[in-house]
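In: Have a look; sequence and predicted model below, questions after that.
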Amino acid sequence: EPLGGAALVLLPLAILLLAFVHAASGGVIGAQYALTACPMLAGCPGFSFGELLEAGALDPFRELSVVDGRVVPPPGAEGLHTIHRALGIAVASATLALAYRIRRSDRHAALLLVALAVGALFLGAAMIAGMPSLPLTVLHNAAAATLVAALAFLAVRGAPSQRRL
């Protein structure tokens, strides 16, 4: 059944907000040079939220540690990956739920949401498996950015003032 009224705006907006938090967590991974902190796809060994918070790994402006001319991820950086991966699964799941809800009223939008959510998720997993891989990172980010644009479009299009046009 099609979404109606406020849900047509609120659900895409809620997913959009979650996607922004997810993107910020990915940005912190880059800002902390923590890409190699968790090279395993299934999980990060020794992850601790306490260590993550104490080390300031969530602070994108934290002073970087350089050893032998290389930037070293902060202690607890594995937690950044765990947070990013969990948020990625949450964004993909919520997007798939939205696609399921609109599948009858807007089949093309539903298919686009599925392709982008699943594509971004699998590109992120492939990026970890092929670490480091700049082309996969760019594709992952492009799929995620396109998903954000699609969610924003659905939210705006679903606004009551827009539907009267």
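Out: Nice, I can see it.
In: what stretches of the chain score poorly on pLDDT?
Out: 1-8, 41-43, 45-47, 159-165 (pLDDT under 70).
In: in it, which spans are helices?
Out: Secondary structure of the chain (DSSP state H): helices at 7-31, 49-55, 78-102, 107-129, 134-157, 160-163.
In: Kindly reformat those helices as TSV containing mean neighbour count and distance to Arg70.
Out: For glycine as for every other residue, the C-beta is placed from the backbone atoms N, C-alpha and C. Compiled in TSV, the helices of the chain are given as follows (neighbours: other CB atoms under 10 Å; distance: least, CB to CB, whole Å):
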stretch	mean neighbour count	distance to Arg70
helix 7-31	18	16
helix 49-55	14	18
helix 78-102	20	18
helix 107-129	18	20
helix 134-157	17	18
helix 160-163	10	51
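In: which one of those helices lies closest to Val71?
Out: helix 7-31 (10.6 Å; CB to CB).
In: ok, now which ones touch Ile15?
Out: Val91, Ala94, Thr95, Leu98, Leu151 (CB atoms under 8 Å, 6 or more residues apart in numbering).
In: Leaving out chain neighbours, which residue sits closest to it?
Out: In space, and not counting its chain neighbours, Ile15 is closest to Ala94: 4.7 Å by CB to CB, 6 or more residues apart in numbering.
In: what do you get for Ser133?
Out: In space, Ser133 is closest to Met127, 5.6 Å off (CB to CB, 6+ apart).
In: Can you tell me how far that neighbour is from Ile15?
Out: 22 Å (CB to CB, to the nearest Å).
In: cool, Glu63 as well?
Out: 35 Å.
In: Please apply the same query to His81.
Out: 22 Å.
In: Then Val91?
Out: Counting by CB to CB, the gap from Val91 to Ile15 is 7 Å.
In: Overlap in contacts, those two.
Out: Joint contacts of Val91 and Ile15 (CB under 8 Å, 6+ apart) do not exist.
In: who touches the nearest residue to Ala120 once chain neighbours are set aside in this structure?
Out: Closest residue to Ala120 apart from its sequence neighbours, by CB to CB, 6+ apart: Ala143 at 3.9 Å. Going by CB under 8 Å, 6+ apart, Ala143 touches Leu116, Gly119, Ala120, Leu123.
In: ok, these vs Ala23, which is closest?
Out: Ala120 (10.5 Å).
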